[in-house]
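> Structure for this input, please:
(one chain, ligands or ions: 2)
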Amino acid sequence: MSIIIEKVRAREIFDSRGNPTIEADVILSDGSLGRAEVPSGASTGEREAVELRDGGSRLQGKGVSKAVNNVNTKINDALHGQSPFEQNKVDQTMIDLDGTSNKEKLGANAILGVSMATARAAAASQKVPLYRYLGGVDLELPQPFFNVINGGAHADSGIDVQEFLLTPVKRDSFRDGVEKVANIYHTLKTVLGKEGYETAVGDEGGFAPKLASTEAAIEMLYRAIKESGYKPGSEIAIALDPASSEFYSDESKKYSFEGKELSSEELLSYYQDLIKEYPAVISIEDGFSENDWDGFHKQTETMGKEIQLVGDDIFVTNPTIFKEGIEKGVANSILIKLNQIGTVSETIDTIKLARENGYTTMISHRSGETGDTFIADFAVAMNAGQIKTGSMARSERVEKYNQFLRIEEELEGKIPMAQFPK
Ligand SMILES: C=C(OP(=O)(O)O)C(=O)O
Ligand SMILES: [Mg+2]
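Ligands and ions are numbered 1, 2, ... in the order given. As a prediction, this is how the structure comes out:
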């Protein structure tokens, strides 16, 4: 007898910021259960699929009971009887049922929860790990990027750049990479403490010291890398996510950055000087605003051969928007967030598009996370090449890194490791 989706249901749970979010269950006729939890961003792109929230006074307007209800009624009715092994069809059914271009009716949070839970249920039914179900035999461990200093919308450190990430360019295994960064993370805490800075952490588990500038933060990283016994650049590299849409004014077309009002051109020369001064910086995400395509394009023209330029807010994992970006020569890499687009299949479409056009892909967590480790399996299955999922001090982030350690062990180290830069 063929296996079908018997029941779909959801509930309100809480994320790492204490906000309500969706947990969805997909139950199959053979009794298999797939469960998934949905994350939530803070520095969200304007064109992301809509995260449906309730409004009103309950839970300060942040409840997701409407989205839960949509899963338990409309989505349940539409998916009952469908094959869990046809991910595209399941996702398309929900896209059609919603009927809007940004999933505002059912909520991208409702749809994504069910989409991920369907993949999990199908994997459980076939008794294979999620990475195997989604990826078949062609698997690869990504290069991890750890966000060790938090600024922007993720902390009250007052630093304009949202994320300062470390990546173990040189590593013998995934475990070796995590160990190296864990060493630096602990050294960084000591270095910051010695200099009199706070060592409490931000939303993504990185430290949130009140450092005066981007340069001051990078200096701290260089020091921590060296004092841990590694070479900045060749062994441990640095990536930045300024998340610049957060400090861009659509009216004045200026970037309000570190006390100055910078034009697009001025910001570009700032980045050019920065990577000259600190060659360990190998990647910049959202250096320009989602509403400054021209600025992002100019950066790609001038810096795109030297370093990785990642589009997050500007592409929002949306294949249609991304296609336009490719045509306009914007960025050379794309950040992949499942909940920006709202289904597993559309996310896979975006990854394929990146691959066909020579863009690198970095799978990403959200600043509001849960214990769900879906993105770890997903990154391995998609041969995504890179992942960023926070730092070492918050378990909702560390759990993702731990899942890679499990996968590496399960595959007895026989799985290839992505390398960036090559
Ligand atoms: C992970 C990010 O932050 P958020 O989830 O707040 O959008 C990001 O900007 O890359
Ligand atoms: Mg970003």
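> List the contacts of Glu104.
Taking C-beta atoms under 8 Å, 6 or more residues apart in numbering, we find Glu104 in contact with Val50, Leu52, Asp98. Every C-beta, even on glycine, is put in place using the N, C-alpha and C of the backbone.
> switch the cut-off to 7 Å
Applying C-beta atoms under 7 Å, 6 or more residues apart in numbering to Glu104 gives the contacts Val50.
> What's the per-residue pLDDT of it here?
Per-residue confidence (pLDDT) for Glu104: 98.
> Give me the three-state assignment for it.
Classification of Glu104 by DSSP: H, G, I helix; E, B strand; the rest coil places it in coil.
> separation between it and Asp98?
Relative to Asp98, Glu104 is positioned 8 Å away (C-beta to C-beta, to the nearest Å).
> How about the residues of the stretch 301-422 of the chain by ligand 2?
Counting by C-beta under 5 Å from the ion, the stretch 301-422 of the chain comes close to ligand 2 at Asp312.
> Spell out the residue ranges of the strands in the stretch 301-422 of the chain.
Applying DSSP state E, counting those that start in this stretch to the stretch 301-422 of the chain gives strands spanning 308-311, 333-336, 360-364, 385-388.
> which stretch among these comes nearest Phe174?
strand 385-388 (10.3 Å; C-beta to C-beta).
> Now do the contacts for the residue in the stretch 101-250 of the chain that ligand 1 sits nearest to.
Nearest to ligand 1 in the stretch 101-250 of the chain, going by C-beta to the nearest ligand atom, is Ala243, at a distance of 4.7 Å. By C-beta under 7 Å, 6+ apart, Ala243 lies in contact with Ser43, Gly152, Ala153, Gln162, Asp286.
> Farthest pair within these?
Ala153 and Asp286 (11.9 Å).
> can I assume Ser252 sits in a strand?
No - per three-state DSSP, Ser252 lies outside any strand segment and is coil.
> What is the burial count for the closest residue to it other than its chain neighbours?
Spatially, and ignoring its direct neighbours in sequence, Ser252 is nearest to Glu261 (7.2 Å; C-beta to C-beta, 6 or more residues apart in numbering). Number of residues near Glu261 (other C-beta atoms under 10 Å) recorded here: 11.
> For the residue most central in space within the chain, list each beta-bridge partner.
Nearest residue to the geometric centre of the chain (C-alpha atoms, centre = their mean): Ser364, 1.5 Å. Residues in a beta bridge with Ser364, per DSSP bridges, are Lys388.
> follow-up on the earlier one: out of the contacts of Ala243, the closest to Lys253 would be?
Using C-beta to C-beta, these come closest to Lys253 at Asp286, 16.4 Å.
> Looks to me like Ile238 is in a strand.
Yes - the assignment for Ile238 by three-state DSSP puts it in a strand.
> so who does it touch?
Counting by C-beta under 7 Å, 6+ apart, Ile238 has contacts Phe164, Leu165, Leu166, Ile218, Leu221, Tyr278, Ala280, Val281, Ile282.
> So what's the residue count around the closest residue to ligand 2 within the chain?
Residue nearest to ligand 2 within the chain: Asp312 (3.6 Å; C-beta to the ion). Residues contacting Asp312 under the criterion other C-beta under 10 Å number 26.
> tell me the contacts of it?
Asp312 touches Gly45, Glu285, Asp286, Leu335, counting by C-beta under 7 Å, 6+ apart.
> Can you tell me how far Lys7 is from ligand 1?
Distance of Lys7 to ligand 1, given as C-beta to the nearest ligand atom, to the nearest Å: 31 Å.
> Would you agree that residue is in contact with Ile27?
Yes - counting by C-beta atoms under 7 Å, Lys7 touches Ile27, with 4.5 Å between them.
> want to throw the contacts of Asp312 into TSV with pLDDT and secondary structure?
Converted to TSV, these look like this (pLDDT from 0 to 100; DSSP: H, G, I helix; E, B strand; the rest coil):
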residue	pLDDT	secondary structure
Gly45	96	coil
Glu285	98	strand
Asp286	98	coil
Leu335	98	strand
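> Identify the residues contacting Glu408.
With C-beta under 7 Å, 6+ apart, Glu408 has these contacts: Leu141, Ser173, Phe174, Arg175, Ile415.
> Now with 6 Å, please.
By C-beta atoms under 6 Å, 6 or more residues apart in numbering, the contact list for Glu408 reads Phe174.
> tell me the pLDDT at it?
For Glu408, the model assigns a pLDDT of 97.
> measure it to Asn402 for me?
Counting by C-beta to C-beta, the gap from Glu408 to Asn402 is 11 Å.
> ok, back up a step: overlap of the contact sets of Ala153 and Asp286?
Joint contacts of Ala153 and Asp286 (C-beta under 6 Å, 6+ apart) do not exist.
> How many neighbouring residues does Val114 have?
By the criterion of other C-beta under 10 Å, Val114 has 33 neighbours.
> Check the secondary structure at it for me.
helix.
> Look up which residues are beta-bridged to Ala36.
Applying DSSP bridges to Ala36, the residues it is bridged with are Ala24.
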